[in-house]
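Asker: model this:
(chains A, B, C and D)
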Protein chains: 2
Amino acid sequence: MDNKFPTPCLGESCGECGFRSTLFDCLSSDQLIMLSKGKDLIKASKGDIIIKQGDKVKDFIFLRVGLAKLTRVSSDGKEQLVGIARPKDFIGLLSLFSSPVHQYSIIAIEDSECCIVEFELINKLVLESGKLAFSLLQKISQVSDMLISNKLDIDNRQLRGRIAFILSLFSKDVYQSTKFNLPVSRKEIGELIDMRVENVVRILSEFRKDKIISIEGTTIEILQPDKLEWIKNHG
Amino acid sequence: MDNKFPTPCLGESCGECGFRSTLFDCLSSDQLIMLSKGKDLIKASKGDIIIKQGDKVKDFIFLRVGLAKLTRVSSDGKEQLVGIARPKDFIGLLSLFSSPVHQYSIIAIEDSECCIVEFELINKLVLESGKLAFSLLQKISQVSDMLISNKLDIDNRQLRGRIAFILSLFSKDVYQSTKFNLPVSRKEIGELIDMRVENVVRILSEFRKDKIISIEGTTIEILQPDKLEWIKNHG
DNA sequence: AACGCCTCTTGTTAAATATCAAGAATGATA
DNA sequence: TATCATTCTTGATATTTAACAAGAGGCGTT
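Answerer: Residues are numbered from 1 along each chain as shown, chains lettered A, B, ... in the order given. Below is the predicted model:
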């Protein structure tokens, strides 16, 4: 389940694509046709590796549907979860311009669909259109700002606060619901917020005992969002 | 010493500026003249605030000479040191496109010189020149990649490893010398690598006792770079 | 010089977190 | 179904780090 690769599927025209990023709104119809021809649509099942750290950067990848995790192997060989990518996120955006190879792996944690555009084509469009370049600058800045800011925020919380942070992230940012299926394992949560599995488990049970959340299998429901929010900010 | 503002000083033409970033190499001579007219050169003394978190983003700032620190006030009010900016770094680059206000403060930690260009002008040049946009995309990506990667690296080290990391950073990346003046206080080191002042002090003394470094006032000399490197990677 | 305000330093103690161990639950596979 | 591997869970213990306290040294101000 961990090294299957996504399978390509039929594409459609970008011109009338409802999922298309506002990023491309500035393109002319000619340019949109180029985009349509140059892109591929792929489906990735839960667990599929979409991009592998170390792969040559040759594509521009846009998550249409689903959920994916950004991971990397740190200098000392440990696996780290860097962030979660949501629909409409440009994943792999960070390495796109800074490095010839991807700095992170991107792995689907829910069944997902991605649009893939050759980097050369994007590159060409950027050189043609200052507006597109400008939008891209904004997107990239936002993504990295978010990653850095999350990291910094997590750093000055202790364990309870971090767990609250991550629960709040899934509830508010990802699923917009107080009840959701945790798409990641305890181990992965640990990697994401820098703590051991055992402590992830322990604190989740603690929250359950305190009736802040309920846990049924992989389903989590947040019973006391206010309390969770308080812990996130002060715990 | 903490809230003086930098004083402007005489500019010169960007066309023949030896400090000019390769970023602008692609500009036409007309565009370079625009740049010359639109830019300001400022000098910032040690301690001067160059940019304040929350200020409106209206300038593009390039560090010609000196050294500066990026800091921010976290959501819970604590001061955090996010990174160190070196000459040729574009500081404030991260907030430039992602937010109307600066997300970080930038404070000179050595006497510095910066070039300041109005954002509007850069904006205009980006829209005109795809090449400039492309270079900017690369720069931004590199800066954020570096910040994120440093953060992640620091996270899976313990205290000795973090101190080794920061000493190595100053020695190799900033000063290219085994002997240098620490430009930041123990407290600031603590903020940068997430530890208490007391532990910064303690571990520095420990390294001194183990003859890995020597400390004389603010001057630090790395006596056993290999050992320090080992601690950085395994400690 | 005398004062207050920092940063720096060391020792001691408390709290947070990781490690280790061992069993339960789960899920994939033959 | 039986088996193996993995994740999950809990308890006990060790280690790491933070917090507290108290003094030393430096620097600017009056």
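
Asker: Skipping its backbone neighbours, what lies nearest the residue in chain A that DNA strand C sits nearest to in space?
Answerer: Nearest to DNA strand C in chain A, going by CB to the nearest atom of the strand, is A:Q158, at a distance of 3.1 Å. Bear in mind the C-beta positions are built from the backbone N, C-alpha and C, glycine included. Using CB to CB, 6 or more residues apart in numbering or on different chains and skipping the chain neighbours, the partner closest in space to A:Q158 is A:G235 (7.0 Å).

Asker: Do I have it right that the one you found meets A:L167?
Answerer: No: the criterion here is CB atoms under 8 Å, and A:G235 misses it with A:L167 at 11.9 Å.

Asker: Could you check which of the two is surrounded by more residues?
Answerer: Each of A:G235 and A:L167 has its neighbours counted (other CB atoms under 10 Å in any protein chain shown); A:L167 has more, 24 against 17.

Asker: close enough to count as contact, the more buried one and A:I220?
Answerer: Yes: with contact defined as CB under 8 Å, A:L167 counts as touching A:I220 (7.0 Å).

Asker: Need the residues touching each of these two.
Answerer: Counting by CB atoms under 8 Å, 6 or more residues apart in numbering or on different chains, the shared contacts of A:L167 and A:I220 are A:I213.

Asker: Spell out which parts of chain A neighbour DNA strand C.
Answerer: Listed as neighbours of DNA strand C in chain A under the rule CB under 7 Å from any atom of the strand: A:1, A:158-160, A:194-196, A:198-199, A:217.

Asker: Next up, the contacts around the spatially most central residue of chain A.
Answerer: The centroid of chain A falls nearest to A:A85 when counting by CA atoms, centre = their mean (1.1 Å). Residues near A:A85 by CB under 8 Å, 6+ apart: A:63, A:67-70, A:91, A:106.

Asker: tell me, which of those make contact with DNA strand D?
Answerer: Counting by CB under 7 Å from any atom of the strand, no member of the contacts of A:A85 reaches DNA strand D.

Asker: where does the closest residue to A:I231 other than its chain neighbours land in three-state SS?
Answerer: Closest residue to A:I231 apart from its sequence neighbours, by CB to CB, 6+ apart: A:A164 at 4.2 Å. Three-state assignment for A:A164 (DSSP: H, G, I helix; E, B strand; the rest coil): helix.

Asker: right, and A:A164 touches A:D226 too?
Answerer: No: between A:A164 and A:D226 no contact is recorded; they are 11.4 Å apart, counting by CB under 8 Å.

Asker: partner residues bridging A:F60?
Answerer: A:V117 (DSSP bridges).

Asker: residue contacts, it?
Answerer: Neighbouring residues of A:F60 by CB under 8 Å, 6+ apart: A:90, A:92, A:96, A:116-119, A:121-122.

Asker: Just the closest of those to A:H102, please.
Answerer: Among those, A:G92 lies closest to A:H102 (CB to CB), at 6.1 Å.

Asker: can you give me phi and psi for that closest one?
Answerer: A:G92 adopts backbone torsions of phi 80, psi 10, taken as degrees, to the nearest 10.

Asker: what about the helices in chain A?
Answerer: For chain A, applying DSSP state H gives helices covering A:29-38, A:93-98, A:119-128, A:130-155, A:159-168, A:186-192, A:197-209, A:225-234.

Asker: Let me have those in JSON lines, extended by mean pLDDT and distance to B:D153.
Answerer: Converted to JSON lines, the helices of chain A look like this (pLDDT from 0 to 100; distance: least, CB to CB, whole Å):
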{"stretch": "helix A:29-38", "mean pLDDT": "88", "distance to B:D153": "36"}
{"stretch": "helix A:93-98", "mean pLDDT": "81", "distance to B:D153": "16"}
{"stretch": "helix A:119-128", "mean pLDDT": "88", "distance to B:D153": "27"}
{"stretch": "helix A:130-155", "mean pLDDT": "86", "distance to B:D153": "11"}
{"stretch": "helix A:159-168", "mean pLDDT": "96", "distance to B:D153": "19"}
{"stretch": "helix A:186-192", "mean pLDDT": "93", "distance to B:D153": "14"}
{"stretch": "helix A:197-209", "mean pLDDT": "96", "distance to B:D153": "21"}
{"stretch": "helix A:225-234", "mean pLDDT": "93", "distance to B:D153": "26"}
